[in-house]
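Student: 3D, please:
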Amino acid sequence: MKHFSTLATVAILSIAFSANVDARRGNNPPEKPDFSMIDTDGDGEISEQELSDHKPPRRER
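Tutor: Predicted coordinates for the structure are as follows:
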């Protein structure tokens, strides 16, 4: 039982550490755009033209 507790603790710490490293590198998925960013005329609906005109911001490396 003592070995299991040690192994579980090491596993949890390694997962937490790797998640922290990914966050620092910027390996996160891009943010989803707000509805208001795409709905440029403010009518509450997204037309095909508004959707095709919307370009998501580029991610910097």
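
Student: next secondary structure after the longest helix seen in the chain?
Tutor: Using DSSP state H to define each element, the chain has its longest helix at helix 2-25. Using DSSP states H and E, the helix or strand that directly follows helix 2-25 along the chain is helix 35-38.

Student: just checking, next helix/strand downstream of that next one?
Tutor: helix 48-53.

Student: buried residues in that following helix?
Tutor: By 16 or more other C-beta atoms under 10 Å, helix 48-53 has no buried positions at all. Placement of C-beta: from N, CA and C, glycine included.

Student: residues in contact with it?
Tutor: Outside of helix 48-53, the residues within contact range by C-beta atoms under 8 Å, 6 or more residues apart in numbering are 38-41.

Student: if you set the cut-off to 7 Å instead, what comes out?
Tutor: 38-40 (C-beta atoms under 7 Å, 6 or more residues apart in numbering).

Student: now that helix: mean pLDDT?
Tutor: Mean pLDDT, helix 48-53: 88.

Student: export that helix as CSV, just CAs?
Tutor: Taking Å, rounded to 0.1, in the frame of the first residue of the first chain, the C-alpha atoms of helix 48-53 are listed here in CSV:
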residue,chain,number,x,y,z
GLU,A,48,-22.9,33.6,-44.8
GLN,A,49,-21.1,36.8,-45.8
GLU,A,50,-20.2,37.6,-42.2
LEU,A,51,-18.9,34.1,-41.7
SER,A,52,-16.8,34.2,-44.8
ASP,A,53,-15.4,37.7,-43.9
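
Student: would you format the contacts of helix 48-53 as CSV with neighbour count included?
Tutor: What follows is those, written out as CSV (neighbours: other C-beta atoms under 10 Å):
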residue, neighbour count
38, 14
39, 16
40, 13
